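1. below is the sequence, then the predicted model.
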Amino acid sequence: MFEKFDFIENADLKDFSTMKVGGKAKYIIFPKNADEIKKNLQICRKNDIKTFILGNGSNVLFDDKGFSGAIICLKKMQDITFLENNVVEVSAGVNLFALNMALCKHGLSGLEFCYGIPATIGGFLVMNGGCFEHEICEFVQEVKVLKNDRIFVLKAEDCDFSYRHSNLQNCVVLSAKLQLFAEKPDKIKQNMDFYLNLKREKQPCEMPSLGSVFKVIKTKPEIHPAKLIDKMHLKGVKIGGAEVSTKHAGFIVNCGNATSADVLNLIVFLEQKLAEIGVNVEREIVVLKEEQNGQMA
């Protein structure tokens, strides 16, 4: 069925998630361009196969039972094209480490804040990822997407960007044009090192995780779930092999033998504890269940 394409059958999802948990996927397919994505989606529709679009798996919790459909992983879409006026076009599968290194070499600044985040630019766009008071939407000029077998180019204002949100969930991000600004490579590298060191100092970068579990609540003043979890002395709480990080209460880490159920049960436990003090939180991570179809993370 997928013989003309690069794919793996009965793939271990642990190898495709930064949390290192999950069962097996019936298929994982690695398209190299928009045409291959379109053909694979057509095959899946024709054969009534569920699909899920995946970047680097840095924000998705796979089920221990696996996924009986086809995961379309965009990691092999790796083009970076430098255009005029400090604009760069980046394919969806480019990871933020590689992108920042390439931008540094070419003297383009702006994205140093995301250096060290183990995500692809496609997934980062879908969730409007960010940190250290910056979000990717600040730099988006346009986004090229595939929807209903047609390619569309969306201007930034068409993407409905807001905090950890866009309207890109129901399409496949192919690439984006980002407006950056010129800077000396030495200064860019200095910025990259600064943000990477901040992450390593404050976050459990050395352990498998999915990044921040809960969104900041955008009231005035803002409510940071991680700070509340810390105040309730819940750092270090474990369920099975999943633990609330002792380094940053906003992260759940895999201590080596966690299951997806362990992670999800710990998330639910934290949600209940926060609800007890009147705080209802929204998850930042995506939990992939059998009934889900089409999201990108």
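-> Okay, I see it.

2. you'd agree residue 82 is up against residue 106?
-> Yes: Residue 82 lies in contact with residue 106 (Cβ atoms under 8 Å); the separation is 5.7 Å. All C-beta spots, glycine's among them, are computed from the backbone N, C-alpha and C.

3. quick check: neighbours shared by the two?
-> By the contact definition Cβ atoms under 8 Å, 6 or more residues apart in numbering, residue 82 and residue 106 are jointly contacted by residue 88.

4. surely residue 185 and residue 103 touch.
-> No: the criterion here is Cβ under 8 Å, and residue 185 misses it with residue 103 at 9.3 Å.

5. of these two, who's got more company?
-> Applying other Cβ atoms under 10 Å to residue 185 and residue 103 shows that residue 103 carries more neighbours, namely 26 against 14.

6. the more buried one sits in which helix or strand?
-> Following DSSP states H and E, one finds residue 103 within helix 96-105.

7. what lines up beside the following helix or strand past that helix in the sheet?
-> Using DSSP H and E, the helix or strand that follows helix 96-105 in sequence is strand 108-109. According to DSSP bridges, strand 108-109 forms sheet pairs with strand 181-182 (antiparallel).

8. run the angle between the next helix or strand after the strand it pairs with and helix 96-105 for me.
-> Moving toward the C-terminus from strand 181-182, the next helix or strand (DSSP H and E) is helix 185-202. Comparing the axes of helix 185-202 and helix 96-105 via axes from the mean of the first three to the mean of the last three Cα atoms, to 10 degrees yields an angle of 150 degrees.

9. which residues sit against helix 185-202?
-> Residues outside helix 185-202 that contact it (Cβ under 8 Å, 6+ apart) are 100, 103-105, 107-109, 112-117, 131-132, 205-206, 247-248.

10. Throw together a ChimeraX command that grabs the buried residues out of those residues.
-> The ChimeraX command for the buried members of the contacts of helix 185-202 (criterion: 16 or more other Cβ atoms under 10 Å) is given here:
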select :100,103,104,107,108,109,112,113,114,115,116,117,131,205,247,248
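
11. what about residue 229, which SS state?
-> Under the three-state scheme (DSSP: H, G, I helix; E, B strand; the rest coil), residue 229 adopts helix.

12. these two touch, right, residue 102 and residue 80?
-> Yes: Residue 102 lies in contact with residue 80 (Cβ under 8 Å); the separation is 5.2 Å.

13. right, I'll call it a day here.
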